[in-house]
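[1] sharing a sequence plus its predicted fold:
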Amino acid sequence: MKKNIARWFQDSWYKEMYISSAFMPISMLYDDVRRVRLFFYKVGIFKKTRLPVPVIIVGNITVGGTGKTPLILWLARFLREQGYKPGIVSRGYGGNSETWPQWVDDKSKAEQVGDEAVLIATRTDCPMAVGPDRAKAGQLLLDKAECDVIISDDGLQHYALERDIEIAVVDGERRFGNGYLLPCGPLREPITRLNTVDLILVNGVAEEENEFSMTIDGDVAINLLSKEEKLLTDFNYIPSHAIAGIGNPKRFFDLLERKSISMDCHAFPDHHQFTVEDISFEDDKPILMTEKDAVKCFDFASDKHWYVPVKAQPQQQFVDKLLSLIKEKLRG
């Protein structure tokens, strides 16, 4: 049921199904609440927290996947190369912990702290904490680890946390859908919000002068059970299953198609809690999935299950601009 509802909304936002206009009154109310909330932060009714280290926000103005997580992995590595000691905070979406904030490491469970958090902590080996209050998560980082800069995952609308640099990630294929705010459209904030961020990075081809482009690609598949690594080209023309429970499953399927992989595609809602039935099929075809989905499937995977780690590569002009901002705002 949830899967069908999520798909219906995405179709209405990106495929010109005008029936979504029936939700316009709710979108207008959503916008009113958003404006009041921003005003309360501006006048100090809602308090903001300034952490004692710089904060870099990586987020988006739409719901669903834009390529934000691969960028965070790249950014953590990049900051280390510049001599920083980054820590990462996130909301922990999909986690069912009863207490927040939560520390995240390679022993954390996705059902407790969220799938993206486990992936990020494992891939970056950076200290990480999650919780709905990102300022408290950031303070936990500073209490337990030696961090001199904090990356906030998906915190563009989390105005309770002061920030030094804002990076907005845009899906280059879907852009902003029908251009409406939730639930009539996919926007969390109006498109004009991008006028106030420091950097706009497009997952795909940049269309505007103030945008930079980024590519995301993967070349290998790793077996969930044995950890064996194979080139994706080894799966060329082999009938396979492809599973994706991310914001934009089509991106994963397109990646595999570019590698000449023949597949049956199985799309699930973002942050779907997989069961063994979801990833089991009555044949011997290999099953390829995203790394974010894999962190929830290790306990019941078989030797047929493989995940595909991906890497982001922003264009050099973005890297140069980011270095300039770091010098200006972080090293002040």
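    Alright, I've got the coordinates.
[2] burial count for residue 225?
    A count of nearby residues for residue 225, using other Cβ atoms under 10 Å, gives 12. For glycine as for every other residue, the C-beta is placed from the backbone atoms N, C-alpha and C.
[3] those strands in the stretch 101-250 of the chain, which residues are they?
    Ranges of strands within the stretch 101-250 of the chain are 102-104, 128-130, 149-153, 165-171, 199-203, 211-217, 220-223, 229-231, 240-244, based on DSSP state E, counting those that start in this stretch.
[4] can I get those in a markdown table including mean pLDDT?
    Converted to a markdown table, these look like this (pLDDT from 0 to 100):
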| stretch | mean pLDDT |
| --- | --- |
| strand 102-104 | 97 |
| strand 128-130 | 98 |
| strand 149-153 | 97 |
| strand 165-171 | 97 |
| strand 199-203 | 98 |
| strand 211-217 | 97 |
| strand 220-223 | 98 |
| strand 229-231 | 97 |
| strand 240-244 | 97 |
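[5] okay, domains of the protein per the record?
    Domain assignment for the chain, taken from automatic domain parsing, gives 31-84+148-215+313-330, 219-309.
[6] picking that back up, any idea which of the strands of the stretch 101-250 of the chain is most buried?
    For the strands of the stretch 101-250 of the chain, average neighbour numbers computed from mean count of other Cβ atoms under 10 Å are highest in strand 128-130, which has a mean of 30.
[7] how about residue 135, nearest residue that isn't a chain neighbour?
    In space, residue 135 comes closest to residue 49 once its chain neighbours are excluded; the distance is 3.7 Å by Cβ to Cβ, 6 or more residues apart in numbering.
[8] quick one, phi psi at the one you found?
    Here the main-chain torsion angles of residue 49 (degrees, to the nearest 10) amount to phi -110, psi 130.
[9] from residue 149, how far off is it?
    16 Å (Cβ to Cβ, to the nearest Å).
[10] so which residues of the chain form helices?
    For the chain, helices defined by DSSP state H occupy the ranges 2-14, 24-43, 68-81, 110-113, 115-124, 134-144, 249-258, 291-294, 316-325.
[11] any chance of a markdown table for the ones you listed, columns mean neighbour count and distance to residue 302?
    Listed next are those as a markdown table, based on neighbours: other Cβ atoms under 10 Å; distance: least, Cβ to Cβ, whole Å:
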| stretch | mean neighbour count | distance to residue 302 |
| --- | --- | --- |
| helix 2-14 | 16 | 23 |
| helix 24-43 | 13 | 43 |
| helix 68-81 | 20 | 26 |
| helix 110-113 | 20 | 19 |
| helix 115-124 | 24 | 20 |
| helix 134-144 | 20 | 35 |
| helix 249-258 | 18 | 19 |
| helix 291-294 | 24 | 13 |
| helix 316-325 | 14 | 40 |
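[12] using a markdown table, please lay out the ones you listed together with mean pLDDT.
    Conversion of the helices of the chain to a markdown table gives the following (pLDDT from 0 to 100):
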| stretch | mean pLDDT |
| --- | --- |
| helix 2-14 | 68 |
| helix 24-43 | 95 |
| helix 68-81 | 97 |
| helix 110-113 | 94 |
| helix 115-124 | 95 |
| helix 134-144 | 96 |
| helix 249-258 | 95 |
| helix 291-294 | 96 |
| helix 316-325 | 96 |
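[13] now those helices as TSV including distance to residue 197?
    Shown next, in TSV, are the helices of the chain (distance: least, Cβ to Cβ, whole Å):
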stretch	distance to residue 197
helix 2-14	22
helix 24-43	15
helix 68-81	13
helix 110-113	27
helix 115-124	21
helix 134-144	17
helix 249-258	22
helix 291-294	24
helix 316-325	11
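[14] the ones you listed: which one's closest to residue 62?
    Taking Cβ to Cβ, helix 2-14 is the member of the helices of the chain nearest to residue 62, at 8.7 Å.
[15] picking that back up, tell me the contacts of the residue nearest to residue 135?
    Residue 49 is in contact with 135, 160, 161, 162, counting by Cβ atoms under 8 Å, 6 or more residues apart in numbering.
[16] residue 311 and residue 216 touch, don't they?
    Yes: the pair residue 311 and residue 216 passes the contact test of Cβ atoms under 8 Å, sitting 7.1 Å apart.
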